[in-house]
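> Build the 3D model from these lines:
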Amino acid sequence: MIAALVLIVIVVIVIFAAIGIYNNLVRLRNVFKNAFSQIDVQLKRRYDLIPNLVETAKGYIKHERETLEAVTAARNIAVAANKNVASQPGDPQSMQAMITAESGLSGALGRLIAVSESYPDLKANQTMARLMEELTSTENKITFARQAYNDSVMRYNTACQVFPGSIFAGTFNFQAATRWEITEAKEREAVKVQF
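Numbering: from 1, shown residues only. This next block holds a predicted model:
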């Protein structure tokens, strides 16, 4: 009788431990998806600022049409990549495409800013100055959101890889999430905004 009671208690403890591990994996997955949605909010703000920035610069930078078109094209590619990854945050292929698109957008914005410095009237334009200030603020928010996302992905991936979580992760198809990593040293530099 005592052996049966001890066995029942052990089974109940194992069941509750299994439920706890599964629920923790679900919670951590939801945390990293929420962290990505915070990046998504800031990226959308950035995408909304860029057309205004290009339109303001168009009047002053008439001879730099390729630069303006490159910024617009890079923005459109980044928006499309963002939509793909937003439906499944952490997916390796989607994340890599988004990281590449964001890198291209940052490069195009950097070129626009460098070109705009050659135009004193544009630098003195209040609308351009305000847009550049908003862009700088948004870039900082994106950086903090990426950090929070990477931290939550690390916690989730760790929970999926350690024992006994690895058993549940494999059994219930909890896939490892992809961190937002910068692979090129050039990409590690922030967009420099100076007016």
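> Now do the strands in this protein.
Here the chain has no strands by DSSP state E.
> Determine the set of other helices and strands touching the lengthiest helix in it.
Assignment by DSSP state H gives helix 2-58 as the longest helix of the chain. With contacts defined as 3 or more CB pairs under 8 Å, 6 or more residues apart in numbering; DSSP states H and E, helix 2-58 has these neighbours: helix 65-87, helix 92-116, helix 126-161, helix 165-171. For glycine as for every other residue, the C-beta is placed from the backbone atoms N, C-alpha and C.
> Let's have these in a markdown table, adding mean neighbour count and distance to residue 1.
Output for those, formatted as a markdown table (neighbours: other CB atoms under 10 Å; distance: least, CB to CB, whole Å):
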| stretch | mean neighbour count | distance to residue 1 |
| --- | --- | --- |
| helix 65-87 | 17 | 55 |
| helix 92-116 | 19 | 54 |
| helix 126-161 | 17 | 39 |
| helix 165-171 | 15 | 32 |
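> so can I have JSON lines of these showing mean pLDDT and distance to residue 48?
JSON lines is the format used below for the helices and strands packed on helix 2-58 (pLDDT from 0 to 100; distance: least, CB to CB, whole Å):
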{"stretch": "helix 65-87", "mean pLDDT": "93", "distance to residue 48": "10"}
{"stretch": "helix 92-116", "mean pLDDT": "91", "distance to residue 48": "13"}
{"stretch": "helix 126-161", "mean pLDDT": "94", "distance to residue 48": "9"}
{"stretch": "helix 165-171", "mean pLDDT": "93", "distance to residue 48": "37"}
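> Quick check: which of these is nearest to residue 20?
helix 165-171 (10.1 Å; CB to CB).
> From the centroid of this protein, which residue is nearest?
By CA atoms, centre = their mean, the chain has its centre lying nearest to residue 39, at 4.6 Å.
> The residue nearest to it when sequence neighbours are not counted: what's it in contact with?
Nearest residue to residue 39, sequence neighbours excluded (CB to CB, 6 or more residues apart in numbering): residue 145, at 4.3 Å. Counting by CB atoms under 8 Å, 6 or more residues apart in numbering, residue 145 makes contact with 35, 38, 39, 41, 42.
> and those residues, which are buried?
35, 38, 39, 42 (16 or more other CB atoms under 10 Å).
> can I assume residue 53 is in contact with residue 135?
Yes - in this structure, residue 53 is within contact of residue 135 by CB atoms under 8 Å, at 6.7 Å.
> neighbours around the nearest residue to residue 157 once chain neighbours are set aside, how many?
Closest residue in space to residue 157, ignoring its immediate chain neighbours: residue 176 at 5.1 Å, by CB to CB, 6+ apart. By other CB atoms under 10 Å, the residues close to residue 176 number 13.
> Please apply the same query to residue 53.
When neighbours are counted by other CB under 10 Å, residue 53 comes out with 23.
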